[in-house]
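**Q** Build me a model from this:
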Amino acid sequence: MKRVLSAFEKSFEWLTQKIATVLGHSVVFMIALLIAITWIGLDIFYSNTLHDFINDCVFAFTFLMLFIIQKMQNKFATVINIKLNELVASHENASNRLIKAEDMTEQELRRLAAHYETLSAQLGKNSEMVTSASIEHVIEEIKEDIAVKKEEEKTNS
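**A** Prediction:
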């Protein structure tokens, strides 16, 4: 069963790649434009079976293209995530928390984004243009700031 699914997946991958290549060509766009103009013209001037046939073809084509586009988008997103994970993993100052960030919840991503805003503000204060830091540095600084504030509150009380 796994072999059959694997063979089907490879065939589907090959087919979607070929379809995406062909449909991305400018000549195919011009053909589609002519079909659309013909379809609209038939709708305005006539109401016959040719118009219904074109209407059915456009519906079927659109329905099938939805799945092909989604397949290509999934592949593209996976490739981008893998490349970004490699960049994060290879940089010594990068936070390894970012590897597989796409699996984080929305709340975790918001929290991480807030940390990066703090990092940006911290790095913006530094006059050197070549400063590099990671989110861990910001978290440590926040913890230190909190500890200093608590210490100040104790001494003021």
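**Q** In the protein, spot the helix with the most residues.
**A** Ranked by residue count under DSSP state H, the longest helix found in the chain is helix 49-90.
**Q** C-terminal to it, what's the next element?
**A** The first helix or strand that comes after helix 49-90 along the chain, using DSSP states H and E, is helix 106-125.
**Q** who does that next one touch, helix- and strand-wise?
**A** With contacts defined as 3 or more Cβ pairs under 8 Å, 6 or more residues apart in numbering; DSSP states H and E, the packing partners of helix 106-125 are helix 135-156. Yep, even glycine has a C-beta here, placed from its N, CA and C like the rest.
**Q** now the helix it packs on, how far from the chain's geometric center?
**A** In terms of Cα atoms, centre = their mean, to the nearest Å, the gap separating the centre of helix 135-156 from the centre of its chain is 36 Å.
**Q** counting contacts, what elements does it pack onto?
**A** Using 3+ Cβ pairs under 8 Å, 6+ apart as the contact test, the elements touching helix 135-156 are helix 106-125.
**Q** Just the buried positions in the helix it packs on, please.
**A** L112, H115, L119 (16 or more other Cβ atoms under 10 Å).
**Q** and the most centrally placed residue in the chain, how far is that from E144?
**A** With distances taken as Cα atoms, centre = their mean, the chain has A77 as the residue nearest its mean C-alpha position (4.9 Å). With distances taken as Cβ to Cβ, to the nearest Å, A77 is found 37 Å from E144.
**Q** do A113 as well
**A** Using Cβ to Cβ, one gets 21 Å for the distance from A113 to E144.
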